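Student: Give me coordinates for this.
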Amino acid sequence: MALKVYYDLMSQPSRAVYIFLKMNNIPFVPKPVALRSGEHHTDEFKKINPMSLVPAIDDDGFVLTESVAILKYLALKYNVPDHWYPRRDLQAQARIDEYMNYQHLNTRYNGGMVFQQLVIIPRAMRAPVQWPMVENAKNRLETVIFQLESYFLKDNKPFLGGADISIADLLGVCELMQLYACCEENIYESNPVVKAWVSRVQRRTAPHFEEANKIVNRVRGVYSKQKEAQQNAKL
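Tutor: Residues are numbered from 1 along each chain as shown. Okay, here's the model as predicted:
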């Protein structure tokens, strides 16, 4: 049976998995899950992932529900080029794992917090923006960006794992693109090293990167208009 992939491209890790599949010509049956409509909370989807999160895969009855595990599994099963997730070079593999373990409470947590507070919560819950939470997350993101430059990309490494792109880069850049959606990309674009890395990943994964991020661009457009309207209302 064909690989089934459950995703919503508004989800950062969903985009990473989607780009990886497209980059490596891995055939799959798309199973879109509309988060904005609450489809991830349906009984049908909970049979796939009781945690109600995307992405998830069903590979002929073998279900995985975490993006890092999914990417590792796909890289090893489909024997993709070794730079994505090295099989025999344990140090190179560990370097990629190092970032993927780091990102959960750093890039992902703080970037997601900014996006949720500025975009999701005001729209979905009709609640005011909690600006102290936004500012705290943005301050922590500045530390994350510094650590990306000073540790993960130190010594002029072009990618997080070294000389070539890996699944770590997909996860990292997709998280930062969530900041672009809410017009906060200056947090990473103000750092020349990190900005160059983001551009490098975008070029390396074209045209699939652009395809996966169409919804990000649409959200940015909507958010920009709302932000402008709010500012005009204050005049």
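
Student: name the helices or strands packed onto the helix or strand hosting residue 91?
Tutor: Using DSSP states H and E, the element containing residue 91 is helix 90-102. Packing partners of helix 90-102 (3 or more Cβ pairs under 8 Å, 6 or more residues apart in numbering; DSSP states H and E): helix 167-181. The way it works is simple: take the backbone N, C-alpha and C, and place the C-beta from them, glycine included.

Student: Show me what the helix or strand just after the helix holding residue 91 is in contact with.
Tutor: Going down the chain from helix 90-102, the next helix or strand is helix 107-115, by DSSP H and E. Helix 107-115 is touched from outside by 12, 133-134, 137-138, 140-141, 144, 148, 171-172, 175-176, 178-179, 181-182, 184, with contacts defined as Cβ atoms under 8 Å, 6 or more residues apart in numbering.

Student: if we can go back for a sec, got the angle for the helix holding residue 91 vs helix 107-115?
Tutor: Inter-element angle recorded for helix 90-102 and helix 107-115: 30 degrees (by axes from the mean of the first three to the mean of the last three Cα atoms, to 10 degrees).

Student: Name only those of the contacts of helix 107-115 that count as buried.
Tutor: With burial judged by 16 or more other Cβ atoms under 10 Å, the buried subset of the contacts of helix 107-115 is 12, 134, 137-138, 140-141, 144, 148, 171-172, 175-176, 178-179, 181-182, 184.

Student: residues in contact with residue 83?
Tutor: Neighbour list for residue 83: 161, 163, 164, 165, 166 [criterion: Cβ under 8 Å, 6+ apart].
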